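Enquirer: structure, please.
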Amino acid sequence: METPTESKEEKSLWKTIRQSVLPVKDTDHQLVKVSKNTGFAIFLILFSCVSLALVSAIAFVL
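Expert: Residues are numbered from 1 along each chain as shown. Down below sits the predicted model:
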């Protein structure tokens, strides 16, 4: 018997985040796909910078 976390088509964490932030559909125009991919890259960069800033601030306080 399969548990809910064990599905036949397990998605990687990367694909799960990618689909939840800006999902790219097959029916999207090519320019829209490029814009969504660029937006996702910018999202990752900003998320990484904010995470690094928070970790640095916490480490500095401790």
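Enquirer: any weak-confidence spans in this protein?
Expert: Confidence mapping of the chain against pLDDT under 70 gives the ranges 1-9.
Enquirer: could you point out the longest helix in it?
Expert: helix 30-61 (DSSP state H).
Enquirer: which parts of that one are buried?
Expert: 36, 40 (16 or more other C-beta atoms under 10 Å). C-betas here are computed from N, CA, C, even on glycine.
Enquirer: packing partners of that helix?
Expert: helix 13-21 (3 or more C-beta pairs under 8 Å, 6 or more residues apart in numbering; DSSP states H and E).
Enquirer: and Leu44, how close does it get to Thr27?
Expert: Noted for Leu44: a distance of 25 Å to Thr27, by C-beta to C-beta, to the nearest Å.
Enquirer: relative to helix 13-21, how tilted is the longest helix of the chain?
Expert: Per axes from the mean of the first three to the mean of the last three C-alpha atoms, to 10 degrees, the angle that helix 30-61 makes with helix 13-21 is 110 degrees.
Enquirer: from the chain's centroid, how far away is helix 30-61?
Expert: In this view, helix 30-61 has its centroid 9 Å away from the chain centroid, taken as C-alpha atoms, centre = their mean, to the nearest Å.
Enquirer: next one: stretch 17-33
Expert: Chain-centre distance of stretch 17-33: 12 Å, with C-alpha atoms, centre = their mean.
Enquirer: list the contacts of that stretch.
Expert: 11, 36-37, 39-40, 43 (C-beta atoms under 8 Å, 6 or more residues apart in numbering).
Enquirer: I'd like the residues you listed as JSON lines, with distance to Leu62 appended.
Expert: Output for those, formatted as JSON lines (distance: C-beta to C-beta, whole Å):
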{"residue": "Lys11", "distance to Leu62": "36"}
{"residue": "Lys36", "distance to Leu62": "39"}
{"residue": "Asn37", "distance to Leu62": "38"}
{"residue": "Gly39", "distance to Leu62": "35"}
{"residue": "Phe40", "distance to Leu62": "33"}
{"residue": "Phe43", "distance to Leu62": "29"}
